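Visitor: what shape does this take:
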Amino acid sequence: MKNKESGLIMIISALFVAFYNFTFFTNVASVYNIRENFIYFISMVVILFSFSVFFFTLFSSRYTTKPILIFVILVSSMAAYFMDNYNIVIDDTMLTNVFQTNTSETADLLSIKLFLYIIFLGIIPSIFIYKFDINYSNFKTLLFSKLKILSIFLIIIVVTMLSFSKFYTSFFREHKPLRYSINPFYWIYSVGDFSAKTLKSGNNNFVKLGKDAKIIETNQNDKNDEKKELIIVVVGEAARADHFSLNGYERQTNPLLSQENIINFPNFTSCGTSTAVSVPCMFSALGRDDFDIEEAKNQDNVLDILSRAGVEVLWIDNNSDSKNVATRMQYENFKTNQNNKICDDEECRDIGMLDGLDKFIDKNKNKDILIVLHQMGNHGPAYFKRYPKEFEKFTPVCNSNDFQECDQQSIINAYDNAILYTDYFLSEVIKFSKKYSKTYENAVIYMSDHGESLGENNIYLHGLPYAIAPQTQKHVPAFIWLGDGFFDVDSKKLKEKAKNGEFSQDYLFHTLLSIFEVQSEIYDKNLDILDGVKK
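Guide: Numbering: from 1, shown residues only. Take a look at the predicted model:
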């Protein structure tokens, strides 16, 4: 039996409303009491269904209807899984994360439940669409039918919204974040936004910054001392400040760091809520307010400026990659046992990044040196993989990457064990640096790229738009450790400044210029952590 194309579109639109928007309607119910606003809730169902019919009809034709519907259904099945289970938002930043994700990170996200979503919400509806027999009339009849359907459903949308105009005025003005979970239309919008930004960046010329940068010894002790700088920057992964015992967490997650003379920054915020944003942002001169991923990619970062001034820079990565920060630097991938000698059945460990650093330092002993270590840290959702079993202090743990199989406490336990391993790793970095206190002005700087949600308000992982992200995704741990050979800084003043001040990743760019005594017009002392505490 032949069917009308509009019949298929209406069936699929009804499926989208009924099965792909659980998160959207759940979020709406958390804002509006359903009993008191039932009529408005029904109006949303009508509008979402009508808009779906309007949208798919607009792009329908003999050759496009089925391919478009199948593609959207398949992608939406995966989007529904991640939104329903982790309460994440599929925006342009999340799409950047997707395109920068490596195979090991992808494997951590695979689960039986994901495959069930793909099968029941993706493959089975796609087969139905493929086999749906459509009767196509002549062009004139099809065009008239299409215009009629578009007009009818546009009228339904307009009339419904006007009938409840006061409600929808409030809805769109005061609860904009609710639209982020509309499936498939928000991810479709995000694809367009992502594509536009990517195309725009392709037309940008590379901008050189800090071309006047040069190292000038301003401290009299430095002029009389031949010591060079040896600075290690550790970029953490998904560590949240309130799970560091250094910041008052009731569990002892920093037993080793608490024994070191570190300068802790309890009030430190990230530039973004994902690695794809925070890592390039912290090394960029743009700062959080003006940051744009593509713009940052097309201009010098602080590593470029330091390298041009004469600093030897090395980036070692045990995470996904440097997110284009170390594109022009010496870069080593420690995700495999080819370089990383400390790997087990789960993965290669962060501690392996210290192997071979002595040779690099010895090779460049007459130069200032900056080493960046990019941790795997607390990368989720498979927190149980992020630490060797001897660090499993907090039990029971969630041994699955599907959080629906675990209670919240077991997820937190696995996460805290990963923090405990980070504590060990960071203490080993400090121990490594201590060996060079007599021959270098040495320091270790640590900051996590972003925080993490662990089920609070049913939100997991990270990556929510910054404006609506909870503090747990933005408040990150950070500290500085200064070696005995680092005479330039009054550590007592710095501790007081760190304790009472509020800082962000915007400070890293200018603080690194300050540490290496690089003078340039681009330097901003107001964003230098060491400003006012140097001797």
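
Visitor: which strands or helices does the longest helix along the chain pack on?
Guide: Criterion DSSP state H: the longest helix present in the chain is helix 408-434. For helix 408-434, the contact count by 3 or more C-beta pairs under 8 Å, 6 or more residues apart in numbering; DSSP states H and E identifies strand 228-236, strand 440-448, strand 453-454 as packing neighbours. Where C-beta positions appear, they are placed from N, C-alpha and C, glycine not excepted.

Visitor: so can I have a markdown table of those strands showing mean pLDDT, mean neighbour count and distance to residue 253?
Guide: Shown next, in a markdown table, are those (pLDDT from 0 to 100; neighbours: other C-beta atoms under 10 Å; distance: least, C-beta to C-beta, whole Å):
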| stretch | mean pLDDT | mean neighbour count | distance to residue 253 |
| --- | --- | --- | --- |
| strand 228-236 | 97 | 25 | 13 |
| strand 440-448 | 97 | 25 | 13 |
| strand 453-454 | 97 | 23 | 13 |
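
Visitor: could you point out which of these sits nearest residue 82?
Guide: strand 453-454 (13.3 Å; C-beta to C-beta).

Visitor: quick check: what element follows that closest one along the chain?
Guide: strand 460-461 (DSSP states H and E).

Visitor: okay, now the sheet partners of that following strand, with direction.
Guide: Under the criterion DSSP bridges, strand 460-461 sits next to strand 453-454 (antiparallel) in its sheet.

Visitor: re earlier: so which of the helices and strands packed on helix 408-434 is nearest residue 476?
Guide: strand 440-448 (4.1 Å).

Visitor: so what are the sheet partners of the closest one and their directions?
Guide: Its sheet considered, strand 440-448 pairs with strand 228-236 (parallel), strand 478-482 (antiparallel) by DSSP bridges.

Visitor: need the residue closest to the centroid of this protein.
Guide: Centroid-nearest residue in the chain: residue 274, 1.1 Å away (criterion: C-alpha atoms, centre = their mean).

Visitor: so how far is residue 468 from that residue?
Guide: 14 Å (C-beta to C-beta, to the nearest Å).

Visitor: rewinding a little: so which of the strands paired with strand 440-448 gets nearest residue 299?
Guide: strand 228-236 (19.7 Å).

Visitor: can you dump the C-alpha coordinates of stretch 514-524 into PDB?
Guide: Only the C-alpha atoms of stretch 514-524 are listed here, as PDB (Å, rounded to 0.1, in the frame of the first residue of the first chain):
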ATOM      1  CA  SER A 514      56.700  36.700  34.800                       C
ATOM      2  CA  ILE A 515      58.400  33.600  36.000                       C
ATOM      3  CA  PHE A 516      60.800  33.500  33.000                       C
ATOM      4  CA  GLU A 517      61.300  37.300  33.300                       C
ATOM      5  CA  VAL A 518      60.100  37.800  29.700                       C
ATOM      6  CA  GLN A 519      59.300  41.400  29.000                       C
ATOM      7  CA  SER A 520      56.700  42.200  26.300                       C
ATOM      8  CA  GLU A 521      53.900  44.700  25.600                       C
ATOM      9  CA  ILE A 522      51.400  41.800  25.900                       C
ATOM     10  CA  TYR A 523      52.200  41.200  29.500                       C
ATOM     11  CA  ASP A 524      49.500  42.300  32.000                       C
END
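
Visitor: mind checking the pLDDT average for that stretch?
Guide: In this model, stretch 514-524 has a mean pLDDT of 96.

Visitor: mind listing what's buried in it?
Guide: In terms of neighbour count (16 or more other C-beta atoms under 10 Å), stretch 514-524 has its buried residues at 514, 515, 516, 517, 518, 519, 520, 522, 523.

Visitor: out of those residues, which sit inside helices?
Guide: 514, 515.

Visitor: quick check, nearest of the buried residues of stretch 514-524 to residue 91?
Guide: residue 522 (30.4 Å).

Visitor: domain parsing for this protein?
Guide: 5-200, 237-527 (automatic domain parsing).

Visitor: any low-confidence regions in the stretch 51-200 of the chain?
Guide: Judged by pLDDT under 70, the stretch 51-200 of the chain has no weakly predicted residues.

Visitor: please, where are all the strands along it?
Guide: With DSSP state E, counting those that start in this stretch, there are no strands along the stretch 51-200 of the chain.

Visitor: run through the residues that contact residue 528.
Guide: 507, 510, 511, 513, 514 (C-beta atoms under 8 Å, 6 or more residues apart in numbering).

Visitor: one more time with 6 Å
Guide: Listed by C-beta atoms under 6 Å, 6 or more residues apart in numbering, the contact set of residue 528 reads 510, 511, 514.

Visitor: out of these, who's nearest residue 259?
Guide: When the contacts of residue 528 are compared against residue 259 (criterion: C-beta to C-beta), the nearest one is residue 511, at 24.8 Å.

Visitor: in what helix or strand does the closest one lie?
Guide: Applying DSSP H and E, one finds residue 511 within helix 506-515.

Visitor: now the angle between strand 228-236 and that helix, please.
Guide: Orientation check (axes from the mean of the first three to the mean of the last three C-alpha atoms, to 10 degrees): helix 506-515 against strand 228-236 gives 170 degrees.

Visitor: from the chain's centroid, how far away is helix 506-515?
Guide: 22 Å (C-alpha atoms, centre = their mean, to the nearest Å).

Visitor: C-terminal to the helix or strand containing residue 303, what's the next element?
Guide: According to DSSP H and E, residue 303 maps onto helix 302-309. On the C-terminal side of helix 302-309, the nearest following helix or strand under DSSP H and E is strand 312-317.

Visitor: after that following strand, next one along is what?
Guide: strand 330-333.

Visitor: may I see the buried residues of that following strand?
Guide: Buried-residue list, strand 330-333, by 16+ other C-beta under 10 Å: 331, 333.

Visitor: ok, residue 531 touching residue 515?
Guide: No - with contacts counted by C-beta atoms under 6 Å, residue 531 stays clear of residue 515, the gap being 11.6 Å.

Visitor: and the longest helix of the chain, average pLDDT?
Guide: 98.

Visitor: how much does that helix deviate in direction from strand 440-448?
Guide: 170 degrees.

Visitor: which one of the strands paired with strand 440-448 lies nearest to residue 355?
Guide: strand 228-236 (14.1 Å).

Visitor: contacts for that closest one?
Guide: 368-375, 377, 429, 433, 436, 440-446, 448-449, 515-516.

Visitor: and if we set it to 7 Å?
Guide: Around strand 228-236, the neighbours that count as contacts under C-beta atoms under 7 Å, 6 or more residues apart in numbering are 279, 361, 367-375, 377, 422, 426, 429, 433, 436, 440-449, 515-516.

Visitor: what of stretch 243-257?
Guide: 241-242, 258, 264, 266, 394, 415-416, 419-420, 423-424, 426-427, 477.

Visitor: how about stretch 37-54?
Guide: 9-10, 13-14, 16-17, 21, 28, 32, 34, 149-150, 153-154, 156-157, 160-161, 164, 167.
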